[in-house]
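Visitor: Please work out how this folds:
(2 chains)
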Amino acid sequence: MRFKSQRVAYYYFVVAVLLYALQIALGLLSAAKYLGPDPLLHILPFDKTKEIHTNLLIVWVLTGFMGAAYYVVPEESRTEIYSEKLAYGQLIAWTLMGLTTVTGYVFGWTAGNKLLEQPFPMKLVIVVVMLAFLFNIGMTIRKAGRWTTTEGVLVAGLVSAALLYLPALIDFDNYTVGVFYRWWTVHLWVEGVWELIQGGLLAFLLIRLSGADREVMEKWLYVIVGLTFISGILGTAHHYYWIGVPKYWVAFGGFFSALEPLSFFGMAVYAYSALRRSGLSHPNRLALHWTIGSAVYSALGAGILGLAHTWPAVNKWTHGTLITAMHGHMAFFGAYVMIVLAMITYAMPGLIGRDEEKSSALGMWAFWLQVFGMFGMTMAFATAGIVQTYLEHIMSIGYLDTQHKLAVHFIMLIATGSLFAVGVLLFLLDFFFVMVSPRAGVRTTAREGAAPWSPAAAAEAGK
Amino acid sequence: MTKRQTRLFFLGSTLLFAVIFIGLTLDTHRQITALTHAEQLTPEVLAGKRVWHEKNCTNCHTLLGEGAYYAPDLTKIADQRGAAYLSQFLKNPSTFYSEEKDRRLMPNLNLGDEQIRQLIAFLTWVSHIDTDGWPPRPLLVSGTFPGARTVRAGQEAVSNDPVALGEALFRQSPPACSGCHSTAEGVQLVGPSLAGIATRAAERLKDPAYRGQAKTAEEYIRESILAPSLFVVPGATFAAAGRSFMPDNFDRLLQANQIDQLVAYLMTLK
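Guide: Prediction:
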């Protein structure tokens, strides 16, 4: 940590990992409900646990993104954050918004619109907090009068994410129009501008972890995010096949969705070639694992598993089945959860003022349990989804009868989900107890002049 | 390639595809009224849409295939089940499904009669959206047909024989007969099993509860398709207050010759 104000990132990460744990608890509960019967049917039915599960994901990943931005921007622009106070105030408002929203869900206060369930007043709070955040980041860069491509891509992603949330504020009379614009937010977030954020953070981490040449890395970063938008913008069309819009969306969706894996593969190749020079020699092996993990898992989950069901002739049969959950889980985990955890594990030693960058065995266990747990969950959803597609959608066997036959896959889901949950728990233990307490943060000066590892230092010097 | 060139590639391609996307969006707005029958968006339908959102239906069910995967898709449910059944179901789902047997149960949403009417109006409007042939085969809530041939929606039967055409139609949606009626002896779905209906139809004519005009079994079956409440088969999931849950809109959904084919097919179930 080179700038004192970067420490705000620590508190963002605290909120993020706590909400992460809560998200997983609700996820496990939802998985158990698939097996049924549900003793909580009249207290906390599936719609509420699922809604809280997905909304917490969005809230904590965005918290992580904002924390990461508060860490990256000062370092890239070489200045303190414009207003530390605003950053803390914004975090408090954001956390209160998140907790109020999910508590409201328990009591049925919801807009009932998939992934955009936040009631209107909460949506307004989200917009205000995002504006405050962007103002703070913008003023920081302005104050420094200097910015790098890496942070530029990151900030462009954050600005666009805020802009694309705006259609979510409108209530459309026509349900189809509502669905159409809902994807402007949801799809263009996760398969568009969030990938900019992921790409920016990936570039930041790779430059530091591998000591790769910044000029080369940033050149290719432009290519990757260019590919993201070439495929991602019109790729929105794969959500428009069967909702009552003109037929040409089917053709656009099929073609551009087929291109979508390109940018994810680009990222995987990008990470591989950067690390080929230095190997896994950076002492923060945990951050290295999460970084490569993100590149690999997003290529698998978002790239391959997305492509597995976006082709129209396939989607016609798989649409509305657990196949979507298969893709959704690994894609979100790979592209966004892992990159945030990579940022957290990379930044933590500096944030808590630890001199050496070592990773604990506990942290590695947390990594592998989550990786294998998520792999197992994805497989459980995949097998369940394939069986469901055949029985329900092809054979026209009733929904409830089909779900009966999926019980064994739901048991797998719960088992592997539990492994995953243990991994998350270990991550929290590592984060809060194994790494030193935050009060040690005053020792930041210790690292300021020191160059802990030569290629990274070389990269810094070469900026 | 230099960094300057790749930046140009990023900015140029983003701008280009954003412009195309916005152009297509504008054209979509031009066509969407016709594709969704937006002129039928009555205040009742809009009120029903509000109920749909307020009750968070989408976090268990899918509609147009979108939502959660914990409960059946409802895109065509208004066609398949009809208003009478749906309103009875929504009043208390546990009269129709049991948690022990089905592992899942919809909680009672405590909807008022008006909300139920609005919600059904909304789901009826949704069922008319032009979804480009999705779902390709009827999505049923419950029921299995061991050994049954599945027939592609709109696919012709193997021959032009009226019975074969009727059998194919029986499994298509609309009318989605097979969504509620099995043709196997003793297999009760939402509606009564139609095994032996041709034989039973003749007996029904003599039943004192029968209020229709049919004179023959064939006429009785035709009448039951068009006006289901003239004879009500006893059963908790079949009817309430003397009104059958079966939709009474088949005269509009089907052509006259299709009804002939269905009758011809059902007359073979002796």
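Visitor: helix, strand or coil for the residue lying closest to residue B:54 once chain neighbours are set aside?
Guide: Closest residue in space to residue B:54, ignoring its immediate chain neighbours: residue A:112 at 6.0 Å, by CB to CB, 6 or more residues apart in numbering or on different chains. Placement of C-beta: from N, CA and C, glycine included. Residue A:112 carries the three-state label coil when classified by DSSP: H, G, I helix; E, B strand; the rest coil.
Visitor: what sits against residue 78?
Guide: Just so you know, I chose chain A. Counting by CB atoms under 8 Å, 6 or more residues apart in numbering or on different chains, residue A:78 touches A:2, A:3, A:144, A:146.
Visitor: meant chain B, my bad for not saying
Guide: Here residue B:78 is in contact with B:86, B:120, B:123, B:124, B:126, B:127 (CB under 8 Å, 6+ apart).
Visitor: Could you look up the SS state of residue B:75?
Guide: Applying three-state DSSP: residue B:75 is coil.
Visitor: Enumerate the positions of stretch A:14-25 that are buried.
Guide: Residues of stretch A:14-25 classed as buried by neighbour count (16 or more other CB atoms under 10 Å in any protein chain shown): A:14, A:15, A:16, A:17, A:18, A:19, A:20, A:22, A:23, A:24, A:25.
Visitor: The fourth one against residue A:428, yeah?
Guide: Yes. Because the distance of 5.8 Å satisfies CB atoms under 8 Å, residue A:17 is recorded as touching residue A:428.
Visitor: What residues sit buried inside stretch A:412-424?
Guide: By neighbour count on 16+ other CB under 10 Å, the buried set for stretch A:412-424 is A:412, A:413, A:414, A:416, A:417, A:418, A:419, A:420, A:421, A:422, A:423, A:424.
Visitor: Looking at the residues you listed, which is nearest residue A:76?
Guide: Among the buried residues of stretch A:412-424, residue A:424 lies closest to residue A:76 (CB to CB), at 29.8 Å.
Visitor: Roughly how far does that closest one sit from chain B?
Guide: Counting by CB to the nearest CB, to the nearest Å, the gap from residue A:424 to chain B is 22 Å.
Visitor: Can you find the helix or strand in chain A with the smallest mean pLDDT?
Guide: helix A:445-448 (a mean of 40; mean pLDDT, DSSP states H and E).
Visitor: meant to ask about chain B
Guide: strand B:239-240 (a mean of 81).
Visitor: Can you list the strands that that strand pairs with?
Guide: Here strand B:239-240 has these sheet partners by DSSP bridges: strand B:243-244 (antiparallel).
Visitor: ok, now which ones touch the residue nearest the centre of chain A?
Guide: Geometric centre of chain A, nearest residue: residue A:336, 2.1 Å, by CA atoms, centre = their mean. Going by CB under 8 Å, 6+ apart, residue A:336 touches A:61, A:190, A:194, A:198.
Visitor: Next one, pLDDT for it please.
Guide: pLDDT recorded at residue A:336 is 96.
Visitor: how about TSV for the buried residues of stretch A:14-25, with secondary structure, distance to residue A:386 and pLDDT added?
Guide: Converted to TSV, the buried residues of stretch A:14-25 look like this (DSSP: H, G, I helix; E, B strand; the rest coil; distance: CB to CB, whole Å; pLDDT from 0 to 100):
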residue	secondary structure	distance to residue A:386	pLDDT
A:14	helix	40	97
A:15	helix	38	98
A:16	helix	34	98
A:17	helix	34	98
A:18	helix	36	98
A:19	helix	32	98
A:20	helix	29	98
A:22	helix	31	98
A:23	helix	26	98
A:24	helix	25	98
A:25	helix	28	98
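Visitor: of all these, which comes closest to residue B:236?
Guide: residue A:25 (38.8 Å).
Visitor: and residue A:354, helix, strand or coil?
Guide: coil.
Visitor: Likewise for residue A:358?
Guide: What three-state DSSP gives for residue A:358 is coil.
Visitor: and residue B:179, what does it touch?
Guide: Contacts for residue B:179 (CB under 8 Å, 6+ apart) come out as B:80, B:81, B:138, B:140, B:141, B:143, B:173, B:189, B:190.
Visitor: how does it look with 7 Å?
Guide: Residues near residue B:179 by CB atoms under 7 Å, 6 or more residues apart in numbering or on different chains: B:80, B:138, B:140.
Visitor: just curious, which of these is nearest to chain A?
Guide: Nearest to chain A among those: residue B:140, at 4.2 Å, using CB to the nearest CB.
Visitor: Would you verify that that closest one is located in a strand?
Guide: No. Residue B:140: not assigned to a strand; according to three-state DSSP it is coil.
Visitor: Who are the contact partners of it?
Guide: Neighbouring residues of residue B:140 by CB under 7 Å, 6+ apart: A:396, A:398, A:399, B:179.
Visitor: Nearest to residue B:93, out of these: which one, please.
Guide: For the contacts of residue B:140, the nearest to residue B:93 is residue A:399 (14.0 Å; CB to CB).
Visitor: so that closest one makes contact with residue A:392?
Guide: Yes. Contact criterion CB atoms under 7 Å: residue A:399 and residue A:392 qualify, at 5.8 Å.
Visitor: out of these two, which sits in the busier spot?
Guide: More crowded of residue A:399 and residue A:392, by other CB atoms under 10 Å in any protein chain shown: residue A:392, with 27 against 24.
Visitor: Need the nearest residue in space to the more buried one, chain neighbours excluded.
Guide: Counting by CB to CB, 6+ apart, residue A:392 lies nearest to residue A:402, which is 4.3 Å off, once chain neighbours are set aside.
Visitor: Model confidence at that neighbour, what's the number?
Guide: Residue A:402 is assigned a predicted lDDT (pLDDT) of 94.
Visitor: ok, and for the helix or strand encompassing it, which residues are buried?
Guide: If you go by DSSP states H and E, residue A:402 is part of helix A:399-405. Going by neighbour count (16+ other CB under 10 Å), the buried part of helix A:399-405 is A:399, A:400, A:401, A:402, A:403, A:404.
Visitor: Count the residues that sit near the residue nearest to residue B:54.
Guide: As a burial measure, residue A:112 scores 22 neighbours (other CB under 10 Å).
Visitor: residues contacting it?
Guide: Counting by CB under 7 Å, 6+ apart, residue A:112 has contacts B:52, B:53, B:54, B:55, B:56, B:57, B:58.
Visitor: ranges for the strands of the stretch 351-463 of chain A?
Guide: Applying DSSP state E, counting those that start in this stretch to the stretch 351-463 of chain A gives no strands.
Visitor: Low-confidence ranges, the chain, go.
Guide: Assuming you mean chain A. A:355-357, A:436-463 (pLDDT under 70).
Visitor: The intended chain is chain B.
Guide: Scanning chain B for pLDDT under 70 picks out the ranges B:144-158.
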